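1. this one's structure only:
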């Protein structure tokens, strides 16, 4: 944190500002007149997020409920000539009738917004990476390159104006670039430590930086045990919000990590600031102003990886400048963005403890409660399939949000891949609601899980859309959807009260923003993992979206592409062919094995080598401890399930969710079942629910 050593930490709780250290003074208002941060876009959609407040809202209203049935595609551009692979998370921006978009290859394309004709392409030479959007300013387009390069391109020609490698702060590749008033705001990711940086847009010089995990002598360092800050993570995964009137930039920093995994807090006692925190930073100097931490001492990878949303709303009769922050944990934290206070109340609530994890005694909860479920549903086997979308995979120890763990996997929801993950949210000036796409993707946490936790094989990964009143933090409406909408499925709302969102099956949806009722849909040909935008050229209004697809949470089953679409009233371009839909159930590990090659037998508690056909020599409780994990058999086949005679104790097989069988077997015992109906039948081991297999009946 450059220049921040003399500052101090204030924590927003309840209706006021409390602190463990003295709080800094409120920032002076630096500008007068129209609030720049919350001015809605119109003719242009000039940045990722639409405006400086990331509202993803347009003042254009030419497309409305009265004519949306006439909305059709004006043009489509396969920007990479038919690409069908890769990670496509970039959202387009529109400036002066031109769209600027990054592809999965890292190339930057400038496309005429009226005709769809490519104007220029910058070809990336340093390798592909995950992209989330360019910035435009000072006659330049700003993008990233592998190796933490920032590159400025001439806005008219795509020629390189300057390029600069920024090292020493973590990887700088995934976070969309934000431009304002001669500065670039860039974040780092996927490192031991992360930072938010301000760069000079003229040459890439670092103006200031702010560490997510502060070092010695920096505020917040005393919230980390020993040297644990060095591997503390706390990286800003998404772009910030900027309020020039208050002179503040708002960064959301991600979860705490550690020497072993993000689920292990045993060596990093303390709150671990500024992990899972929103921090308000002086945009000129990089000095700390205030912060709010949504998860203290996180051990669940439930960080709030979102771009903060700014809004000006009336709360209890008083106009408030607010920032909306959240949330994988299914809650919105609504804060006064001038000082971090909570006008609607946020309480520190006692939560279960695990001393070995050095858990923090409380966690913050808004008084209005969460907008999604925080406990998995234990539906009996054999009940409706898929049933409740947040139902529990059987045999796991079931928990609720913030239940601690150690060596036994504890299943909880929304999960680190659920809630509101990194999709762009939208605030509508017209309805006063904030909208998000969310996911139901329960996760099992323990020290035995790799990385951020286990999304149990066989679970249904679904989700929905929720609309929350920004004045009250209460749900206005919620709509369950067939897919998780938490991973790049951003929302655009309009002055005509429409809501647009893309799905992983390639369908772009138009809904009534006041009720959630579907009004329109269009097949784009590939999964949509970006936000729709709206712009105007020569008096004609367009809506555009990039359909490319990404692997989270549906892996390679999510259809990929490179379709940049633009829509207008009266558009006549035909929809794309419908691709195969994503597989919504979490897959088992391992490719299918024909039943005849293994005697139609599954050996429980052992791994399987598909190249040699050999069964593992030692007992295992791993996810792939079914030999094989994926058995493929024709209708009418009798399959044998055997607890390997060399295993130490009782193992078994629970078929879910149809409930065809639920057996326990001593070492050497077997059970047979005849499959008489086509389908996919998942089963796991009651003794080790992580171990999961699937019988595919054809």
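-> Looks like it arrived, so ask away. Since this is a predicted model, take the numbers as computed values, not measurements.

2. what's the span of stretch 392-409 from first residue to last?
-> In stretch 392-409, first residue to last residue: 13 Å (C-alpha to C-alpha, to the nearest Å).

3. so for that stretch, what gets flagged as buried?
-> Within stretch 392-409, the residues scored as buried using 16 or more other C-beta atoms under 10 Å are 392-396, 398-399, 401-406, 409. Yep, even glycine has a C-beta here, placed from its N, CA and C like the rest.

4. quick check: mean pLDDT of stretch 612-625?
-> Averaged over stretch 612-625, pLDDT sits at 96.

5. what's it in contact with?
-> Stretch 612-625 is touched from outside by 454, 457, 588-590, 597-598, 603-609, 627, 644, 646-648, 685, 687-688, 690-692, with contacts defined as C-beta atoms under 8 Å, 6 or more residues apart in numbering.

6. now, which of the buried residues of stretch 392-409 sits nearest residue 296?
-> Proximity of the buried residues of stretch 392-409 to residue 296 (C-beta to C-beta) peaks at residue 402, which lies at 9.6 Å.

7. any idea what sits nearest the closest one, other than its immediate chain neighbours?
-> Nearest non-adjacent residue to residue 402, counting by C-beta to C-beta, 6 or more residues apart in numbering: residue 351, 4.5 Å away.

8. next: residue 58.
-> residue 534 (4.1 Å).

9. please apply the same query to residue 625.
-> residue 691 (3.9 Å).

10. ditto for residue 362
-> If the residues on either side of it in the chain are set aside, residue 362 comes closest to residue 348, at 4.0 Å by C-beta to C-beta, 6+ apart.

11. next, count neighbours for the one you found.
-> Neighbours of residue 348 under the rule other C-beta atoms under 10 Å: 16.

12. helix or strand: which one has it?
-> Per DSSP states H and E, residue 348 falls inside strand 346-350.

13. between the two ends of stretch 189-209, how far is it?
-> Stretch 189-209 has an end-to-end distance of 14 Å (C-alpha to C-alpha).

14. where in this structure is the helix or strand with the lowest mean pLDDT?
-> Ranking every helix and strand in the chain by mean pLDDT, DSSP states H and E puts strand 16-18 at the bottom, with a mean of 32.

15. quick check: buried residues in stretch 166-186?
-> For stretch 166-186, by 16+ other C-beta under 10 Å, it's 166, 169-180, 183-186.

16. same question for stretch 615-632: list its buried residues.
-> Buried residues in stretch 615-632, counted by 16+ other C-beta under 10 Å: 615-616, 619-620, 623-632.

17. ok, how many other residues are close to residue 655?
-> Neighbourhood size, residue 655 [other C-beta under 10 Å]: 23.

18. so who does it touch?
-> 381, 661-662, 673, 681-683.

19. which helix or which strand is home to it?
-> Per DSSP H and E: strand 651-656 holds residue 655.

20. could you list the paired strands of that strand along with their orientation?
-> Note on strand 651-656: by DSSP bridges, its sheet partners are strand 662-665 (antiparallel), strand 679-685 (antiparallel).

21. hmm, who's touching the shortest one?
-> The contact list for strand 662-665 (C-beta under 8 Å, 6+ apart) reads 381, 604, 641-643, 650-655, 671, 686.

22. take the buried residues of stretch 166-186 and keep only those in strands.
-> Judged by DSSP state E, those include 178-180, 183-186 as members of strands.

23. how far away is the closest residue to residue 172 other than its chain neighbours from residue 194?
-> Closest residue to residue 172 apart from its sequence neighbours, by C-beta to C-beta, 6+ apart: residue 148 at 4.1 Å. Using C-beta to C-beta, to the nearest Å, residue 148 is found at 12 Å from residue 194.

24. what residues do these two have in common as contacts?
-> Common contacts of residue 148 and residue 194, defined by C-beta under 8 Å, 6+ apart, comprise 169-170, 188.

25. let's have the residues you listed in TSV, adding distance to residue 567 and pLDDT.
-> Output for the shared contacts of residue 148 and residue 194, formatted as TSV (distance: C-beta to C-beta, whole Å; pLDDT from 0 to 100):
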residue	distance to residue 567	pLDDT
169	39	95
170	38	91
188	35	94
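
26. for those residues, which one is nearest residue 78?
-> Taking C-beta to C-beta as the measure, residue 78 lies nearest residue 188 of the shared contacts of residue 148 and residue 194, at 32.2 Å.

27. pull the number of nearby residues for that closest one.
-> The local packing of residue 188 (other C-beta under 10 Å) involves 26 other residues.

28. contacts only, for the closest residue to it other than its chain neighbours.
-> Nearest residue to residue 188, sequence neighbours excluded (C-beta to C-beta, 6+ apart): residue 170, at 3.2 Å. Contacts for residue 170 were tallied using C-beta under 8 Å, 6+ apart; they are 148, 188-195, 235.

29. list buried residues within these.
-> Looks like those have 148, 188-189, 191-195, 235 buried, using 16+ other C-beta under 10 Å.

30. would you mark the buried spots in the strand holding residue 348?
-> So for strand 346-350, counting by 16+ other C-beta under 10 Å, buried means 346, 348.

31. that one - contacts with which helices or strands?
-> The contact analysis (3 or more C-beta pairs under 8 Å, 6 or more residues apart in numbering; DSSP states H and E) places strand 346-350 against strand 11-13, strand 362-366.

32. all strands of the stretch 51-200 of the chain, in order?
-> Assigned by DSSP state E, counting those that start in this stretch, the stretch 51-200 of the chain shows strands spanning 57-58, 71-78, 93-95, 98-102, 108-112, 118-122, 135-137, 140-145, 149-154, 160-165, 178-180, 183-187, 195-200.

33. single out the most deeply packed of those strands.
-> strand 57-58 (a mean of 30; mean count of other C-beta atoms under 10 Å).

34. got the contact list for that one?
-> By C-beta under 8 Å, 6+ apart, the residues outside strand 57-58 that reach it are 40-42, 45, 50-51, 426-429, 492-495, 533-535.

35. mean confidence for that strand?
-> For strand 57-58, mean pLDDT rounds to 98.

36. chain center to that strand, what's the gap?
-> In terms of C-alpha atoms, centre = their mean, to the nearest Å, the centre of strand 57-58 is found 21 Å from the chain centre.

37. ok, now stretch 267-286?
-> 20 Å.

38. repeat for stretch 489-509
-> For stretch 489-509, the distance to the chain centre is 16 Å (C-alpha atoms, centre = their mean).

39. now do the SS call for residue 588.
-> Secondary structure for residue 588, judged by DSSP: H, G, I helix; E, B strand; the rest coil, is coil.

40. and for it, the neighbour number?
-> By other C-beta under 10 Å, the residues close to residue 588 number 25.

41. list the contacts for it?
-> Contacts of residue 588 (C-beta under 8 Å, 6+ apart): 457-458, 623-624, 626, 629-630, 682, 692-694.

42. before I go, just wanted to say thanks for your time.
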